[in-house]
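Trainee: Have a look; sequence and predicted model below, questions after that.
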Amino acid sequence: MTDVQTRTDAEESQAGRTGGTPTRRGVLVGAGALGATAVLAACGTDGSGTNPNGTDFDSDPAPAGSTTAGGGTGDGGGDSGGSGGAVLVSAAEVTVGGGVITDNLVVTQPTEGQFKAFSKICTHQGCEVSEIKDGQIICRCHNSFFSIKDGAPTSGPAQQPLSETKVKLDGDNVVPA
């Protein structure tokens, strides 16, 4: 039987140490690593925040029950209602079948007088949702769409629903429940 080896094991070992001709395996591994790096960079976020997923977070959150708990505006003045919760948005700003994106939440009104609130962080890659249109909450990073009724994904790569925050109407304002 004839062995078609062009280099001896000693030559192969020496080539690896001195930067000789790269092997096919080495070239393929390098190309794979480069491709994986490019894919991960493309799926990254805009990096505008301090959190690795591109969103800002509060490393010193307010205590539970304070006026800023639940993603409120934190104006410190409270609201005129009896709940003591922070005003998320004026009910008049939230159209029926639409919604408003606040600092921390997406507040929607699927039907007249029914208000819902969801995290504005997309469950696919952690981008912030950017638009509410035609009964859908939209994340344009990778085109994930979520229902304004329950935050469930309706199309796109996202597989998990947006997390819900219970809210209620307090006078003319939507506040955490």
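Mentor: Noted; the coordinates are in hand.
Trainee: does Lys168 really touch Ala117, like I thought?
Mentor: No - checked against Cβ atoms under 8 Å, the pair Lys168 and Ala117 is beyond contact range at 9.9 Å. (Each C-beta comes from the backbone N, C-alpha and C, glycine too.)
Trainee: Settle it for me: which of those two has more neighbours?
Mentor: Shown here are Lys168 and Ala117; by other Cβ atoms under 10 Å, Ala117 has more neighbours (30 against 14).
Trainee: can you map out the helices along the chain?
Mentor: Along the chain, the stretches classed as helices by DSSP state H are 9-18, 24-42.
Trainee: any idea which of the ones you listed scores lowest on pLDDT?
Mentor: In terms of average pLDDT, helix 9-18 trails the rest of those, at a mean of 54.
Trainee: any weak-confidence spans in the protein?
Mentor: Counting by pLDDT under 70, the chain contains low-confidence ranges at 1-20, 35-85.
Trainee: Give me the domain ranges for the chain.
Mentor: Split into domains by automatic domain parsing, the chain comes to 9-42, 89-176.
Trainee: Please look at Thr123 and Pro153 and confirm they touch.
Mentor: Yes - judged on Cβ under 8 Å, Thr123 makes contact with Pro153 at a distance of 7.3 Å.
Trainee: Identify the contacts common to those two.
Mentor: Residues touching both Thr123 and Pro153 (Cβ atoms under 8 Å, 6 or more residues apart in numbering) are Ser144, Gln159, Gln160, Pro161.
Trainee: For PyMOL, write the selection for the buried entries among the residues you listed.
Mentor: A single PyMOL command selects the buried members of these (16 or more other Cβ atoms under 10 Å):
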select buried, resi 144
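Trainee: mind putting the shared contacts of Thr123 and Pro153 in JSON lines, distance to Thr111 included?
Mentor: Output for the shared contacts of Thr123 and Pro153, formatted as JSON lines (distance: Cβ to Cβ, whole Å):
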{"residue": "Ser144", "distance to Thr111": "23"}
{"residue": "Gln159", "distance to Thr111": "26"}
{"residue": "Gln160", "distance to Thr111": "24"}
{"residue": "Pro161", "distance to Thr111": "19"}
